[in-house]
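>>> No sequence on hand, only this structure:
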Ligand code: NDP
């Protein structure tokens, strides 16, 4: 069996066209969605992600504000920036690019972002609402993966989903979203013993560990759907995921590539969340002011 490729780039382009047209309609009603991205320090990978997010939001017709702060910025100065953005009516989404320098308390910064503008879905209020199934902003990478599975026609109910990785931004919310759609969910992490006994049971395998080509054909059941979240470099410096794509594809029924799988969907969900925030704020504004 050679698994079909789930083309995240193509799916994401289609969704971005819809986001652009919804954004245009909102602009006609006098409200332009605005996304602010805060970058602290000069981490090269973070700068690339931030640049992509800025380009994508501008291409969707949104206002985009990039705030760059030096790595030695104080926590208070960063919190003041967040506070200013919370109060800025032209900004509907705020994203503070992680990781932050060690002297800054990441969770204090995340909690300072207004839950109504938390388009990354990291604020505890949004995380809590997501877990109990209430409307909230959902972390972009897991939200993007759910959309990929839907667009690819992958059935979830009753399936065994195995998640590798338990980070707050990918692994944990991923499992909760699959559980809400009636999957049976297993979480694996660095302390999991006999990892392969779990991964080989997976109908849907999600790899989010950050280890280049870690998942090989031996880890995978025949016919599994394999989603690769990892963004790594291989021994030749080439971008690759957590999955050894060529060998695993021979066993999988469907698989996402890296690049061109989960990555573009993450940015697309950020735009979708920003549009959602703007739509909610602007509807309130329009209904109050005619
Ligand atoms: P973290 O480093 O925060 O978490 C990694 C998780 O993987 C941890 O839970 C860790 O376990 C687990 N883990 C590490 N090694 C192993 C192993 N050998 N076996 C089983 N579990 C293991 O990473 P993130 O969740 O932030 O990101 C994961 C990957 O996804 C990275 O490559 C990142 O670059 C990529 N990423 C891609 C995005 C995209 O848009 N495509 C967006 C976000 C991330 P433990 O908890 O025990 O330490």
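The structure has been received and is ready for your questions. The model shown is predicted, which means the values in this text are computed figures rather than measured ones.

>>> Close to the ligand: what parts of the protein are there?
Taking Cβ under 6 Å from any ligand atom, the part of the chain that reaches the ligand is made up of 141, 164-167, 169-171, 188-192, 195, 208-211, 229-232, 262-263, 266. Where C-beta positions appear, they are placed from N, C-alpha and C, glycine not excepted.

>>> switch to 8 Å and redo it
Listed as neighbours of the ligand in the chain under the rule Cβ under 8 Å from any ligand atom: 140-141, 144, 164-171, 188-192, 195, 208-211, 214, 229-232, 241-242, 258, 261-263, 265-267.

>>> From those residues, list the buried ones, please.
Buried members of the residues of the chain next to the ligand, scored by 16 or more other Cβ atoms under 10 Å, are 140-141, 144, 164-167, 169-171, 188, 195, 208-209, 214, 229-232, 241-242, 258, 261-263, 265-267.

>>> Give the pairing partners of the strand or helix carrying residue 64; include direction for each.
Take DSSP states H and E as the rule and residue 64 turns out to sit in strand 63-69. Strand 63-69 has the following strand partners under DSSP bridges: strand 34-40 (parallel).

>>> Name the residues that touch the partner strand?
46-47, 50, 53-54, 57, 62-71, 73, 78, 81-82, 85, 88, 90-97, 100-101, 104, 119, 270-271, 274, 278 (Cβ atoms under 8 Å, 6 or more residues apart in numbering).

>>> Next one: the closest residue to residue 68 other than its chain neighbours from residue 76, what distance?
Closest residue in space to residue 68, ignoring its immediate chain neighbours: residue 39 at 5.1 Å, by Cβ to Cβ, 6 or more residues apart in numbering. In this view, residue 39 and residue 76 are 18 Å apart by Cβ to Cβ, to the nearest Å.

>>> Check residue 26 too.
As judged by Cβ to Cβ, residue 26 and residue 76 stand 35 Å apart.
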